[in-house]
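> missing the sequence, but the structure's below:
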């Protein structure tokens, strides 16, 4: 492509509304254009990157599934069948944009944020027998999500490209087998797009009421919105939400138990403030939170000060569907105190108390006195309250926590989720009554898995991961072009090399503009194509060749440059 | 592809909800699946056809424009800028599908039915000078339209694939030059997808208040929703909406003027009923319709009985923005009669009267008497009413009408619009204030054109045009596969030929199922792949080769079959 023939050129300044590195660089380089927050047009050069990523995904998916193209619009009924029309908090639907349109057709359609509701009845309508299973289908399509914040460029969009795959099986065992095949396909994809070294598989929630994990492909990068806990010796990674965590031991344990006291501390509620007031470490305070579950039962959950409660973990432990913070009147009823002074002492027997393991192994700890403005100190299990039968893990894991299996301290990294594979089991097949007939003629529910990758997000992740101070740096496999050709007042030479490279099947962006050499060099760095070739009066019959990742250019024969380029692409 | 590995097989019966030929055949053959009326998933084989069509379009577009990918979501503001948010009667917008989603983000976005509102400010933001023009951009993308009826399968969808291109120019002359280039690109595309012979260019409306035509590419086919009037000797075609029409001369003209009479005909209103009652031909009756324009002025329009009024034509003639049928009280006020008896006689001077040319050259014609239940007969211009200064053409053209330029009777055909090119001129650039600076430093408005083709509609049109009694018949260039291979109890032979064909780069669908030969043959006809190859014990070392378009199969060497196939693809 000739630079002069691309109407969407590099620009000098980008809107201050664009705060993420990937949005700023991609906009400046003319790869994308924001239409409205979280909604980006792909311009010619950006579209080339997106297409290359999608083609790599397609090639790997074609080995394990068959491609279809589902629709963005779906009838509301299928989303009502699963109940998710009311619970998916990013779901959008359509309405006529004006009275004329509404009069023509007043139906509302759900706009797909994911496609379980469409693909399950679709495959169901073609499938009767075990002989037809397993089935794997995928699509590469535009998705819509009503994201509340959309400030991360291509990392979190309201409209984005997605590859979603779905599989259907006769048994959980067959699903698990396929799941591993898909995991390998994903590994291949991230390897091929240049993120293999930086992408790890993390265990994540498998959804409500299942002990199963899903698996997230997480690319380690500062812009990532996920926190991953890595136990390197065990070769295992967890998304924070499901990280099994053991709090580190306390450093400054007392030798002896001290006498219990109830201390007056007016309006002192936060653990930091309280620890300072009591002259004890935060870790010796105890945070006791009261919840109500869906049956109206009150649950008390105690964690070491400095930790938060992971409600998803707690829900599974307490075996309840919903948990909400107890209302002020409930707190008063069970603790006889204002909100903020709850503790694990003397709670009425109808309150179920759960202790996080972080509250164990502490001598002389603090907890709320269940008395307004009072805090109990020098509390000890067995003496002041009975030793709990069991300690649980329902805290939000944090830096410094320990992986219980190996006792190693987690390495904690920020990462961006680039893929996700998920064992759905029978959740959707049961909702739609999707059964198959087995060898014995028995009806059995179909097992399902789903598998997602966001190609447009990957564009953003590649920028975040590889950009340097001068601009973007594209891996060869997904670069918009292999060669950025610059001619300095030497259009004829430029044309000759442009033609020669194209003859070799090499993709070239030729900066044929009449602008300063410095501007051309800066744009080449910004755009980030792997190989830069420069011709000028100075280069004679030769060409100046430089990789984007290196600082030093070399003067080489054209043939030698072509050899280098082809050897690397 | 092996038939057994496609989960979406041919089916025996399709829903009676699917009434169009294309939807029925494509569904039966496993090409598409209706999710909700007018919304179709593309299944693996159908997606191959769609992709081939899109690739042909892409190749031809790449010669004249640069590809981008705009978004479906657009801010409402840009649609407010042009005012079309209120007037495009198929426009949809988004809302959160549930209260959780609405709470997260309560913005509504317009869902793109076309992209002038997105592309104009986009290109504007990159363009300042005449040096940067012309610019041509295109995208291939999913579009959304809130169609009231969606009963024509892929011909009229609520969600569909579209290639839309937009061009930007310094002058109308430059736009016109590019417009012809695009017209040729479109001609190439329809030629390549196999519709060249059946696709004609018809003139259509260029929009309100412009004498310019747009150009529609219309494929002649019975399922088409458009009526095209062809003047073959002048090599010109019109969409009915803009057809210049001259009514045929009356056969049975009287020799002499007869005395005018007012005839009592109680409640006789329709021209057919009236003609029968009066024992005159329908063509001697006159239909006088009263309208009110946007200023409240009353307009009377008279056409020969048997014709309807084309309000778009009349609006341009009467130079008004809006026309609506006059309210009953208005009719009473100006005619002093109930609705149904209006005529061109003795109307008050404030009523502007327009005569269609079909009312001229008639002796002793009828018209409403402006008196309830009365009809005036034997009316003649000059004697009973003044000869109009001018006769116009504002009727809906109909079969039998004459092209005024050549006086030939139009050939009238049904056709399906497969493409459309449209000179937008400065309509959108003015709305967005999109100016460029010319050589003299003067600000001038940019001229625009837009150019659309619906790839998914083309899939449907190809079925409608080429299907025969046994199923679909795909042109070689867009067929999902080149070869449909059938083995009859000869899997080994099948495998060998399958491998040999693939080695040659030939796309093969191999029906490797264990079903009756008859079922395989029927499915081959239904699916409509150009070449059918059969191997069985009977074929020995040879293969039975048959084209989908022929009835007779031939036993040939495998090499000869390959030669035939490659020679045709």
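Now that the structure is in, tell me what you want to look at. Remember, it's a predicted structure, so these values are computed and weren't measured experimentally. Numbers count the residues shown, from 1 in each chain, chains lettered A, B, ... in the order given.
> what about the helices in the stretch 251-400 of chain A?
In the stretch 251-400 of chain A, the segments counted as helices under DSSP state H, counting those that start in this stretch are A:271-278, A:311-318, A:328-335.
> Helices along the stretch 101-250 of chain A, start to end?
Using DSSP H, counting those that start in this stretch, helices in the stretch 101-250 of chain A cover A:116-124, A:172-192.
> where in chain A is pLDDT low?
Along chain A, the parts satisfying pLDDT under 70 run over A:209, A:568-569.
> tell me the domain ranges of it?
Per automatic domain parsing, the structural domains of chain A span A:3-72+A:112-244+A:413-463, A:261-392, A:483-568.
> Just tell me which of the ones you listed ends up closest to chain B.
domain A:3-72+A:112-244+A:413-463 (3.9 Å; Cβ to the nearest Cβ). For glycine as for every other residue, the C-beta is placed from the backbone atoms N, C-alpha and C.
> Straight-line length of the closest one, end to end?
21 Å (Cα to Cα, to the nearest Å).
> Could you confirm whether it reaches chain B?
Yes - legend: contact between domain A:3-72+A:112-244+A:413-463 and chain B by Cβ under 8 Å from any Cβ of the partner chain is shown at A:5-9, A:11, A:33, A:35-36, A:39-44, A:47, A:50, A:66-72, A:118, A:122-123, A:125-127, A:132, A:135, A:137, A:142, A:144, A:146-148, A:158-159.
> how close does the nearest residue to residue A:14 once chain neighbours are set aside get to residue A:480?
Closest residue to residue A:14 apart from its sequence neighbours, by Cβ to Cβ, 6 or more residues apart in numbering or on different chains: residue A:27 at 4.6 Å. Residue A:27 sits 15 Å away from residue A:480, going by Cβ to Cβ, to the nearest Å.
> show me what contacts the spatially most central residue of chain A?
For chain A, residue A:417 is the residue whose C-alpha lies nearest the centre (Cα atoms, centre = their mean; 3.0 Å). If you count contacts by Cβ atoms under 8 Å, 6 or more residues apart in numbering or on different chains, residue A:417 has them with A:216-218, A:224-226.
> Could you find the two of the residues you listed that are most distant from each other?
A:217 and A:225 (14.4 Å; Cβ to Cβ).
> who's more crowded, these two?
Each of residue A:217 and residue A:225 has its neighbours counted (other Cβ atoms under 10 Å in any protein chain shown); residue A:217 has more, 23 against 12.
> Specify the beta-bridge partners of that one.
Counting by DSSP bridges, residue A:217 forms beta bridges with residue A:201, residue A:419.
> buried sites along the helix or strand hosting residue A:499?
Assessed by DSSP states H and E, residue A:499 sits inside helix A:491-503. For helix A:491-503, a neighbour-count test (16 or more other Cβ atoms under 10 Å in any protein chain shown) marks A:493-495, A:497-498, A:500-501 as buried.
> Repeat that for stretch A:478-493.
Under the neighbour-count rule (16+ other Cβ under 10 Å), stretch A:478-493 has A:478-488, A:490, A:493 buried.
> swap in stretch A:167-174?
So stretch A:167-174, judged by 16+ other Cβ under 10 Å, has buried residues A:167-171, A:174.
> quick one: which of the residues you listed sit in strands?
Mapping these onto strands (DSSP state E) picks out A:167-169.
> sorry, back to before: could you dump the helices of the stretch 251-400 of chain A to a markdown table with distance to chain B and mean neighbour count?
Output for the helices of the stretch 251-400 of chain A, formatted as a markdown table (distance: least, Cβ to the nearest Cβ, whole Å; neighbours: other Cβ atoms under 10 Å in any protein chain shown):
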| stretch | distance to chain B | mean neighbour count |
| --- | --- | --- |
| helix A:271-278 | 30 | 16 |
| helix A:311-318 | 16 | 19 |
| helix A:328-335 | 23 | 16 |
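> right, and these - which one's nearest residue A:544?
helix A:311-318 (56.9 Å).
> The closest one - contacts with which helices or strands?
strand A:286-293, strand A:298-304, strand A:323-325, strand A:352-356 (3 or more Cβ pairs under 8 Å, 6 or more residues apart in numbering or on different chains; DSSP states H and E).
> ok, which pair from the buried residues of stretch A:478-493 is furthest apart?
Taking Cβ to Cβ, no two of the buried residues of stretch A:478-493 sit farther apart than A:478 and A:490, at 30.0 Å.
> all strands of the stretch 451-569 of chain A, in order?
A:483-488, A:508-511, A:531-536, A:543-547, A:554-556 (DSSP state E, counting those that start in this stretch).
> Go through those and name the closest to residue A:112.
Nearest of the strands of the stretch 451-569 of chain A (Cβ to Cβ): strand A:508-511, 34.8 Å.
> Who are the contact partners of residue A:444?
A:170, A:435-438.
> Just the ones of those in strands?
A:435-437.
> Kindly indicate the member of these with the most neighbours.
residue A:436 (22 neighbours).
> give the contact list for that residue.
A:127-130, A:132-133, A:170, A:443-444, A:446.
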